[in-house]
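K.L.:
could you look at this predicted model? Sequence included:
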Amino acid sequence: MKDGYARLHPQLRAALGNTPIYDLTRLSETRQLDAAFGRMLSDASITAAPDLGRVMVQNIRIPGQDGYVMDARLYRPAGADEPLSALLMCHGGAFCLGDLDTEDFRCRRYARDAGCAVLNIDYRLAPEHRFPVPFEDCYAALVWLAANAPTFCIDPKRLGVAGESAGGALAAATVLAARDRGGPDLAVQMLLFPVLDHRMLTASMRAGESFPAWTTHQTRLAWSLYLGPECATIPAYASPGTADNLRGLPVTFVACAEIDPLHDEAMDYACRLREASVRTEVHSYLGGYHVFDAIWPTTALSQLALQQQIIFLLRYLRCP
C-alpha cells in the first residue's frame, strides 16, 4: 500500500487537488475550513438532486450528558405517515471537527432512499471536551431517541446507530454501551471507515504515513486530542477495537477503504464481530481513501458505497 497515490480510483485522483487538508495542529483554522467545506457539500448535494431538498428536516435541541443541550436535526422522508425506523448519526471529524452539515447530505440520502428517520447530532468536540464527553453525548442522544420515539412517529423497536471515521468510534462505543447498560435495543450499527483502536498497530497504519487525504500522523493527533495526556487507562468505550466481548451486538455494516491507515483495524473488528456470532456485512473499496464517500459523494465509487449503505438499511432497519 506504499504506492497509495498510484492506486487511487481515477475519479478520486482527479478530485484530490480540491480535497481539504486538515492540519490538527492549527485547530481553529481547520475548524473554519471544515465547516465551510461541510456547508458546500450540503448545498451541492441539494443542487445536484433537488428532491433531497424535499426531505423533511426539523432542527431540534436534545439533552446530552450532565445537563448539556445539543443541537440536532431530525430528517424524515417526505410524505411519511407510518411509524418509521430511525438511525442515530454520529458525524466524523477526528473527534475535534465536524457539525450538523458534515453528514447532512448522507442523512438526506438515508431518509429519502432508505425511508427511515435520521437523528443527526452535534455532540461536543475534543480537546475542549475529551473522552468520555462526546461518547456520553452520543449515548444520551440514543436514549432520548428511544424515549421520545412515539412523539416523532418512530418505532422504538427499529433503531440503529451509524458513524463515519471518528463518528464510527463513537457509534461503536454507543452500541457497546447500549448492550452493557440494558438498552436501548438496536437493530443495526453502521461503521463507516471507523477509527477504532488507539494502539495503531496494524499494517495499514504502519504504511499510512504518506497516504492521500488522511494519514497515520493525523490519526495519532486525533487520538491525542480525544484522550488527552491524563487518560492513563483506555476503556473500550474510548477505543472500541480493544473490547474483549463483542457478543450480543446488532447486525453490522462495516465500510473501509484500501488506501486508508484505518483499513486494517476496521477489517479486524469485522472479523471479530463475526467470530462473536454477530451478523456482519463488510465492504472494502479498492482505490478509495479515507471517507471518500463524504468528501466527493458524486463520484461513481462514492455512489456505489452510498447505495450499498442504503440497501443494508432497507434490508435490516426499515423492515420490521
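P.N.:
It's in. If you're wondering where the values come from, they're calculated on a predicted model, not measured in any experiment.

K.L.:
surely residue 175 is in a helix?
P.N.:
Yes. Residue 175: assigned to a helix according to DSSP: H, G, I helix; E, B strand; the rest coil.

K.L.:
for it, give its distance to residue 210.
P.N.:
33 Å (Cβ to Cβ, to the nearest Å). Every residue, glycine included, has its C-beta placed from N, CA and C.

K.L.:
when these two are compared, which one has more neighbours?
P.N.:
Shown here are residue 175 and residue 210; by other Cβ atoms under 10 Å, residue 175 has more neighbours (27 against 13).

K.L.:
kindly export the top helix by length along the chain (C-alpha atoms) in PDB.
P.N.:
In the chain, with assignment by DSSP state H, the single longest helix is helix 27-48. Extracted in PDB, the C-alpha atoms of helix 27-48 (Å, rounded to 0.1, in the frame of the first residue of the first chain):
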ATOM      1  CA  LEU A  27      -7.400  23.600  15.000                       C
ATOM      2  CA  SER A  28      -9.100  27.000  14.900                       C
ATOM      3  CA  GLU A  29      -8.300  27.500  11.200                       C
ATOM      4  CA  THR A  30      -9.000  23.900  10.400                       C
ATOM      5  CA  ARG A  31     -12.400  24.100  12.000                       C
ATOM      6  CA  GLN A  32     -13.300  27.000   9.800                       C
ATOM      7  CA  LEU A  33     -12.100  25.200   6.700                       C
ATOM      8  CA  ASP A  34     -14.100  22.100   7.700                       C
ATOM      9  CA  ALA A  35     -17.300  24.000   8.400                       C
ATOM     10  CA  ALA A  36     -17.100  25.800   5.100                       C
ATOM     11  CA  PHE A  37     -16.500  22.500   3.200                       C
ATOM     12  CA  GLY A  38     -19.400  20.800   5.000                       C
ATOM     13  CA  ARG A  39     -21.800  23.600   4.000                       C
ATOM     14  CA  MET A  40     -20.500  23.500   0.500                       C
ATOM     15  CA  LEU A  41     -21.100  19.700   0.300                       C
ATOM     16  CA  SER A  42     -24.600  20.100   1.800                       C
ATOM     17  CA  ASP A  43     -25.600  22.800  -0.700                       C
ATOM     18  CA  ALA A  44     -24.000  21.000  -3.700                       C
ATOM     19  CA  SER A  45     -25.900  17.700  -2.900                       C
ATOM     20  CA  ILE A  46     -29.200  19.500  -2.900                       C
ATOM     21  CA  THR A  47     -28.400  21.400  -6.100                       C
ATOM     22  CA  ALA A  48     -27.400  18.100  -7.800                       C
END
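
K.L.:
could you point out which element follows that helix?
P.N.:
For helix 27-48, the following helix or strand on the C-terminal side (DSSP states H and E) is strand 56-63.

K.L.:
residues contacting stretch 32-45, please?
P.N.:
20, 22, 52, 93, 97-99, 101-102, 104-105, 108-109, 294-295, 297-298 (Cβ atoms under 8 Å, 6 or more residues apart in numbering).
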